[in-house]
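Trainee: The following comprises the amino acid sequence and a computationally predicted model.
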Amino acid sequence: MELLITYDVGTTDREGERRLRRVAKICEGIGHRVQKSVFEVVCDPVQRVRLEAELLATIDHRCDSVRIYRLNQGTFHDARHLGAAADPSHHGPLIV
């Protein structure tokens, strides 16, 4: 399945900055960063459950927000990039 993950983590204190780094690291472990707080992910249902569990355990539910959009298969392949956007290989190996 293809997922688009976006997040907004409150960084007004050191703890927020740590959460932001942790959320980014979790997403980097499974997907491709396409913008500062946006990741494209290709995964199976089990990986999605694990991803959501890790994110839920990391964020502060009072001030942080993570949105996960499930996309139709092939959406990433059909995406158009303008400007300095990278073109990640979603179906090749993910090197972390």
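Mentor: Looks like it arrived, so ask away. Numbering: from 1, shown residues only.
Trainee: Quick one: neighbours of residue 44, just the number.
Mentor: The number of residues packed near residue 44 is 8, by other Cβ atoms under 10 Å. No exception for glycine: its C-beta is placed from N, CA and C like everyone else's.
Trainee: how close does the closest residue in space to residue 10 that isn't next to it in sequence sit to residue 20?
Mentor: Computed as Cβ to Cβ, 6 or more residues apart in numbering, the closest residue to residue 10 that is not its neighbour in sequence is residue 63, at 4.0 Å. The gap separating residue 63 from residue 20 is 11 Å, by Cβ to Cβ, to the nearest Å.
Trainee: neighbour count winner among the two?
Mentor: residue 20 (19 against 13).
Trainee: Now do the SS call for that one.
Mentor: helix (DSSP: H, G, I helix; E, B strand; the rest coil).
Trainee: Isn't it up against residue 11?
Mentor: Yes. Assessed by Cβ atoms under 8 Å, residue 20 is found in contact with residue 11 at 5.4 Å.
Trainee: show me where this protein has helices.
Mentor: 14-28, 45-58, 75-78 (DSSP state H).
Trainee: between the ones you listed, which gets nearest to residue 69?
Mentor: helix 75-78 (9.5 Å; Cβ to Cβ).
Trainee: Put the alpha carbons of the closest one into PDB.
Mentor: Coordinates of the C-alpha atoms in helix 75-78 are reproduced here as PDB (Å, rounded to 0.1, in the frame of the first residue of the first chain):
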ATOM      1  CA  THR A  75       0.000   7.200  -7.200                       C
ATOM      2  CA  PHE A  76       3.700   7.800  -6.400                       C
ATOM      3  CA  HIS A  77       4.700   6.700  -9.900                       C
ATOM      4  CA  ASP A  78       2.200   9.200 -11.400                       C
END
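Trainee: pLDDT score for residue 96?
Mentor: pLDDT recorded at residue 96 is 55.
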